[in-house]
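Enquirer: From the sequence below, what's the structure:
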Amino acid sequence: MKLRNQIALITGGSRGIGRATALLFAAEGADIAFCHLDDETGAEAVAAEIRALGRRAMHRSLDVADIAAAKAFAGEVAAAFGPIDILFNNAGMNIRKPFPDYTEAEFDRIVAVHLKGMFFMAQTVYPAMVARGTGCIINIASQRGLKGAVNSAPYSAVKAGIIGLTRSLSWEAAPKGVRVNAIAPGPIDTDLTATMDPADRKAFIDSLPAGRFGRPEEIAATALLLAGPEGGFYVGATLSPNGGDVMH
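Expert: Numbers count the residues shown, from 1 in each chain. Purely as a prediction, here's the structure:
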């Protein structure tokens, strides 16, 4: 029970990495609040699994790019469950196309969901963490923020930005008792990677030393390391479970 009686707020928690992390955190003793985007059926299923583990669960549908709505949800969570101990900044999306074909609206959407949404959700929970002298923020980046990728210029750019945000905030947060770290997963079997062209997917798998895509549960285990008592010396780090796609 590494997270006994802690409160975790997870964005994008109804499926994929968010779902796996919500369930692992609950199994380790945390109450879970999560948001999703129009996935009420999936969210209810996850909430039922969390409650079956003996923990409290709540969820709301919202767009993390809607900063006012995201802040309102965080306030609702704190009022219902208590101060937020862990923020797992996970919500994401992608639009894949050649660099010359992106529109300004598509670029803005990717930036708003990832970098802007994560920035302001962290800003929302940060003051209360500082006031208590404890807290943990985990931002989901990507190995594409480390190496780039074809047909993913805006996505790769914002994921690199998330790594920079994580490092910068850590300088301010760590002396106040708040640990901020990032996870840069490699290719994981989720709804996001399911949209890949089958030929591209096979070529990607063939190029990986691990010879497979990762599982959401493997990223959740990394999140538990960062959130739990063994993660106390990780500050501004970017852990990258990626099957050997990026070695550093």
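
Enquirer: Contacts made by stretch 196-214 with the rest, please.
Expert: Applying Cβ atoms under 8 Å, 6 or more residues apart in numbering, the contact partners of stretch 196-214 are Arg96, Pro185, Gly186, Pro187, Ile188, Asp189, Thr193, Pro241, Asn242, Gly243, Gly244, Asp245. Bear in mind the C-beta positions are built from the backbone N, C-alpha and C, glycine included.

Enquirer: Among those, which one lies nearest to Asn151?
Expert: Asn151 lies nearest to Arg96 out of the contacts of stretch 196-214, by Cβ to Cβ, at 4.6 Å.

Enquirer: surely the closest one meets Pro154?
Expert: No - contact criterion Cβ atoms under 8 Å: Arg96 and Pro154 do not qualify, at 10.0 Å.

Enquirer: Which one's more surrounded, these two?
Expert: Pro154 (20 against 14; other Cβ atoms under 10 Å).

Enquirer: Could you pull out the buried residues of the worst-scoring helix or strand of the chain on mean pLDDT?
Expert: Using mean pLDDT, DSSP states H and E, helix 191-194 stands out as the lowest-scoring helix or strand of the chain, at a mean of 75. Under the neighbour-count criterion of 16 or more other Cβ atoms under 10 Å, helix 191-194 has Leu192 buried.

Enquirer: end-to-end on stretch 185-198?
Expert: One end of stretch 185-198 sits 20 Å from the other (Cα to Cα, to the nearest Å).

Enquirer: now the helices for the chain?
Expert: 16-27, 40-52, 67-81, 104-111, 117-132, 144-147, 153-173, 191-194, 198-207, 216-227 (DSSP state H).

Enquirer: Tell me the confidence at the residue nearest the centre of the chain?
Expert: Central residue of the chain (Cα atoms, centre = their mean): Asn90, 2.0 Å from the mean position. Asn90 carries a pLDDT value of 97.

Enquirer: Tell me if I'm right that it and Arg19 touch.
Expert: No - using Cβ under 8 Å, Asn90 is not in contact with Arg19, being 9.7 Å away.

Enquirer: Mutual contacts of the two, please.
Expert: The contact lists of Asn90 and Arg19 share Gly13, where a contact means Cβ under 8 Å, 6+ apart.

Enquirer: hang on, the earlier thing: wait, what's in contact with the residue nearest to the centre of the chain?
Expert: So Asn90 contacts Ile10, Thr11, Gly12, Gly13, Ile17, Gly18, Thr21, Ile140 (Cβ under 8 Å, 6+ apart).

Enquirer: Show me what counts as buried in stretch 150-169.
Expert: By neighbour count with 16+ other Cβ under 10 Å, stretch 150-169 contains the buried residues 151-163, 165-167, 169.

Enquirer: wait, doesn't Ala70 sit right on Arg60?
Expert: No - with contact defined as Cβ under 8 Å, Ala70 does not count as touching Arg60 (9.7 Å).

Enquirer: so what sits against both of the two?
Expert: Shared contacts of Ala70 and Arg60 (Cβ under 8 Å, 6+ apart): Cys35.

Enquirer: Which of these two has more residues huddled nearby?
Expert: Neighbour count, other Cβ under 10 Å: between Ala70 and Arg60, Ala70 has more, with 23 against 16.

Enquirer: Please tell me how far the more buried one sits from Gln123.
Expert: Note on Ala70: its distance to Gln123, by Cβ to Cβ, to the nearest Å, is 10 Å.

Enquirer: what do you get for Gly244?
Expert: Distance of Gly244 to Gln123, given as Cβ to Cβ: 35 Å.

Enquirer: try Arg96
Expert: For Arg96, the distance to Gln123 - Cβ to Cβ - is 29 Å.

Enquirer: Repeat that for Tyr102.
Expert: Applying Cβ to Cβ to Tyr102 and Gln123 gives a distance of 27 Å.

Enquirer: Fine by me, we can end here.
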